[in-house]
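Novice: how would this look folded up:
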Amino acid sequence: MNPAFIPVIGTAVKKLIDRAIPDKDKALEIKRQLDLDLQDIERTELKGAIDIIVAEAKGDSWLQRSWRPVLMLWFAGLVGAHWLGFTPENMPQETVNHLLTIVQYGVSGYIASRGVEKAVKEWNK
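Specialist: So this is what the prediction gives:
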């Protein structure tokens, strides 16, 4: 499941709970439990993604360890080439926007992962 859908699903289910359960206290109790369950699902999804990235980083081959950074450098290079005028004139702006979005997500993920890595090291001390 895509973790981005978890809040959307939670909001929709909470609206259904409000409509289906007339007792407000009982509805509130169910919604609190739903929040806890959704947090557990989100935590499990995140742990799975972390485990995959860690396994790749500890892999035997250089390509297995480095494909994500190499791919991000490639996309960043494509965006830079466009800004410097080294792309076809008929390239749609939508394509450039998609490349920029990929680079933004990649950089955001890298920054977040480095922050988590540093926090975990401090926490382990």
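Novice: can I see the domain layout of this protein?
Specialist: Split into domains by automatic domain parsing, the chain comes to 1-58, 60-125.
Novice: what distance separates the shortest one from the centre of its chain?
Specialist: With C-alpha atoms, centre = their mean, to the nearest Å as the basis, the distance from the averaged C-alpha position of domain 1-58 to the chain average is 15 Å.
Novice: Average pLDDT for it, rounded please.
Specialist: Averaged across domain 1-58, pLDDT comes to 86.
Novice: Stretch 113-125 too?
Specialist: So the average pLDDT for stretch 113-125 ends up being 70.
Novice: one step back: could you dump the domains of the chain into CSV and include mean neighbour count?
Specialist: C-betas here are computed from N, CA, C, even on glycine. CSV is the format used below for the domains of the chain (neighbours: other C-beta atoms under 10 Å):
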stretch, mean neighbour count
domain 1-58, 12
domain 60-125, 12
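Novice: Could you point out the longest helix of this structure?
Specialist: helix 24-57 (DSSP state H).
Novice: Remind me what that one packs against, helices and strands.
Specialist: helix 5-20, helix 62-83 (3 or more C-beta pairs under 8 Å, 6 or more residues apart in numbering; DSSP states H and E).
Novice: and those as a markdown table, adding distance to residue 39?
Specialist: Output for the helices and strands packed on helix 24-57, formatted as a markdown table (distance: least, C-beta to C-beta, whole Å):
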| stretch | distance to residue 39 |
| --- | --- |
| helix 5-20 | 9 |
| helix 62-83 | 27 |
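Novice: wait, which of those helices is closest to residue 40?
Specialist: Of all these, it is helix 5-20 that lies closest to residue 40, at 10.4 Å by C-beta to C-beta.
Novice: ok so, going back, and the direction of the longest helix of the chain versus that of helix 5-20, what angle?
Specialist: 170 degrees (axes from the mean of the first three to the mean of the last three C-alpha atoms, to 10 degrees).
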